[in-house]
Structure formats: structure tokens, C-alpha cells
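**Student:** Everything below, folded, please.
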Amino acid sequence: MKVVCLLKKIGASFVVFLLVEYELVKGEENMVEQAAALLQDEKEKKAADFWNFRAKKYAQDAQERKDRKQNVVEFFMEYSMVTEQSRVLDIGCGPGHQAIALGRYCKEVVALDISEEMLGIARENAIKEGLKNIKFEKNSWNKIQLEDYGWKKAFDLVYASMTPGVHDFDTLKKMIDASRKHCFLSGFVRRKDSILDELLKVLKIDRDFPPREEKIYCSFNTLWQMGYYPELRYMDRAWTTKMSLEEAVPFYIKRIELLYSLTPKDKKLIHEFIQSKGQDGRIEERTQAKIAWMNWQVSAEEEGGPR
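**Tutor:** Next up, the predicted model:
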């Protein structure tokens, strides 16, 4: 049988679908879109599994770097993106540090995430703070229909901070459609991980594909073409992640499987590599990164809104 190779872009990555050639009949013109949706569903299931697995350790690490999370909220306040009457949507809220900081100040915050474990931690944190104005929602931004939730032009600020939830034109456009004033998107434009980068070389995986800057810069160009005036800011970050060897092996397997398929041989190589890098039963990963913050105004009445 002849095989047809179809190329479909999903988010920051390009995925090749190998489809067996068949007689095209009426009603099957959306074949590629259906295949893309199925693949996106599988990616989101893997992402939810990874973040459920990672939630407690990530929340602990995030608490230690809480000042950096607070910097984003301070930025919102400094540039008058939020007021005491604001309604805010947090896409990919994680353990909820930013949502809670905004909840202390704003009228209402809706915090969205695909990980039930992350949301559980976020709810606990909100309860400890005595906040009742934060609504936590388990769902994928990719699947959210704004009309079903009553979210069309419902928020003064819609933001997605360091999350893959906004990954293509549709999810970017949905941010705009949900906002009546401001949007904010952040992500890595460069990142080096001492352990992961070496491990990917051992597995013969090229980390430079897809390039990390694609998400931010493609979003910037898209917004500009749509008539908006997005603003960019860059900052450098460095941190160290520590974990036991028992934690490290499944962590790296699940992390790599977010983007690549691994064979049993690959997983064996990962186990051996992690064991070789451990000291006193633990492993340390040093990360250096450049992060971009991008914000834009949606309302035409304000400076910076659509042309």
C-alpha cells in the first residue's frame, strides 16, 4: 500500500502523520484536522500525567522561587493591567501562587489547569489564605469553548505565564476573545539544562528542534499582523533542581516523553545515565534560561489596542 506523508503544525512542533492512502469520499475532507485533534489529546494526557507526577516537587521549588512569581503580579499592577475591580483569567495556574497573589487584590480570579494534583495544591493554598474569590477549573485551554463558560470578553486580564496551554493561533486568538482589556504571555526563548541536554545527546535527540523562541516570536508576529502592538521584555534566570535518583529516573522519562517517543532501550539508557550522574544518591540539574514577557492591549480605546 502506498503511504501518504502529511505535515501538520501543532503548536511549537511539527508532526508527521503517516496515513495509508485511501479513496477520498465526501465528508472526509477534515481527516487531517481530526488526526491533529487526536494527537493533541494524547499530548495533553501526557502533560497532565507529567504535572500530576511533578506537582508536589514543583510546588515546593516554586515556593522557594516565589519572589519571581510575585514579580509578574507586581508587573501587572505597575502597568495598571489590574485594579481592585478586575476579573482575571489565569491559564495554566499550576500551584496557584500568581492566582492567589492576584486574588488578594482583584475582585475575582479564574484559575485553569489540566493537572488535578496542581489544582489540589492551589485550592489548599487559597484556603490557607482565606480567599474565596478564586475559582479553580480543571480543563484544557485548547478545549475550552468561551461561549459555553460565558467567558467571551469576560476578563480584564487574560494571562498565560510559562505554560504550553497557549501554543498555536487558535489558543492565542482565544486569549484575545476572552479579554476585554489586557493579555500577557510568557515563555522561554532560550534554556540550557545541565543534565537534560547531555541526556538528550546520549539518546541522539536534537533539542534545538523545535526552537524554543518559536512560540513567543510567532505570537508576536501574529499579533502585529492582527493589528496589535505587543511589547516584549527579557530577563535572565538561573536555578538548581535537586532530587533523589529514584525521583529522577521517572521524572526524565516522563519529561522527555512529552515531546518524543521512547523505546525500552531508551528508558534503560536513561536509567544508566542518571545513575552515573548521581552523588550520594541525589542528582542536581543546573538551569540557565532567558525568558520573554509579552503583553498587549485588546481594547481599541486604549493606546496599544488594535490598529
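
**Student:** what's the model's confidence in stretch 61-71, averaged?
**Tutor:** Stretch 61-71 comes out with an average pLDDT of 64.

**Student:** What helix or strand is the spatially most central residue of the chain located in?
**Tutor:** The structure's the chain has its C-alpha centroid closest to Thr163; by CA atoms, centre = their mean the separation is 1.7 Å. Assigned by DSSP states H and E, Thr163 belongs to neither a helix nor a strand.

**Student:** So the residue nearest to Glu231 when sequence neighbours are not counted: helix, strand or coil?
**Tutor:** Spatial nearest neighbour of Glu231, excluding adjacent residues (CB to CB, 6 or more residues apart in numbering): Asn295 at 5.6 Å. No exception for glycine: its C-beta is placed from N, CA and C like everyone else's. Per DSSP: H, G, I helix; E, B strand; the rest coil, the secondary structure class of Asn295 is strand.

**Student:** Report whether Gly165 is found in a strand, as I expect.
**Tutor:** No: using three-state DSSP, the assignment for Gly165 is coil, not a strand.

**Student:** List the residues that contact it.
**Tutor:** Neighbouring residues of Gly165 by CB atoms under 8 Å, 6 or more residues apart in numbering: Ile91, Gly92, Leu112, Ile114, Ser140, Trp141, Asn142, Thr171.

**Student:** Among those residues, which lie within helices?
**Tutor:** Thr171 (DSSP state H).

**Student:** out of the contacts of Gly165, who's nearest Ile127?
**Tutor:** Leu112 (18.5 Å; CB to CB).

**Student:** Could you export stretch 181-192 as PDB, keeping only the C-alpha atoms?
**Tutor:** What follows is stretch 181-192, C-alpha atoms only, in PDB (Å, rounded to 0.1, in the frame of the first residue of the first chain):
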ATOM      1  CA  LYS A 181      -8.600  44.900  28.100                       C
ATOM      2  CA  HIS A 182      -5.200  43.200  28.600                       C
ATOM      3  CA  CYS A 183      -3.300  40.000  27.700                       C
ATOM      4  CA  PHE A 184       0.000  38.600  28.900                       C
ATOM      5  CA  LEU A 185       2.000  35.700  27.600                       C
ATOM      6  CA  SER A 186       5.500  34.500  28.800                       C
ATOM      7  CA  GLY A 187       7.800  31.700  27.800                       C
ATOM      8  CA  PHE A 188      11.400  30.500  27.400                       C
ATOM      9  CA  VAL A 189      13.300  31.900  24.400                       C
ATOM     10  CA  ARG A 190      16.500  30.100  25.500                       C
ATOM     11  CA  ARG A 191      17.100  27.400  28.000                       C
ATOM     12  CA  LYS A 192      20.100  25.200  28.900                       C
END
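
**Student:** Quick one: low-confidence residue ranges for this protein.
**Tutor:** By pLDDT under 70, the low-scoring segments of the chain are 1-39, 63-70, 207-213, 300-305, 307.

**Student:** picking up where we left off before, can you name the residues that contact the residue nearest to the centre of the chain?
**Tutor:** Contact partners of Thr163, counting by CB under 8 Å, 6+ apart, are Ile91, Gly92, Gly94.

**Student:** just the helices in this structure please.
**Tutor:** Along the chain, counting by DSSP H, helices occupy 31-64, 66-78, 97-103, 116-129, 146-149, 169-178, 194-202, 214-225, 245-257, 264-277.

**Student:** and these as a markdown table, adding mean neighbour count?
**Tutor:** Formatted as a markdown table, those follow (neighbours: other CB atoms under 10 Å):
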| stretch | mean neighbour count |
| --- | --- |
| helix 31-64 | 15 |
| helix 66-78 | 15 |
| helix 97-103 | 24 |
| helix 116-129 | 18 |
| helix 146-149 | 11 |
| helix 169-178 | 18 |
| helix 194-202 | 15 |
| helix 214-225 | 17 |
| helix 245-257 | 18 |
| helix 264-277 | 15 |
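
**Student:** can you redo those as TSV with distance to Val158?
**Tutor:** Putting those into TSV (distance: least, CB to CB, whole Å) gives the following:
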stretch	distance to Val158
helix 31-64	20
helix 66-78	11
helix 97-103	12
helix 116-129	18
helix 146-149	11
helix 169-178	5
helix 194-202	31
helix 214-225	13
helix 245-257	28
helix 264-277	38
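
**Student:** Out of those, which gets nearest to Lys290?
**Tutor:** For the helices of the chain, proximity to Lys290 was assessed by CB to CB; helix 214-225 is nearest, at 10.3 Å.

**Student:** what packs against the closest one?
**Tutor:** Helices and strands touching helix 214-225, by 3 or more CB pairs under 8 Å, 6 or more residues apart in numbering; DSSP states H and E, are helix 169-178, strand 179-193, strand 282-297.

**Student:** That's all I had, so thanks and see you.
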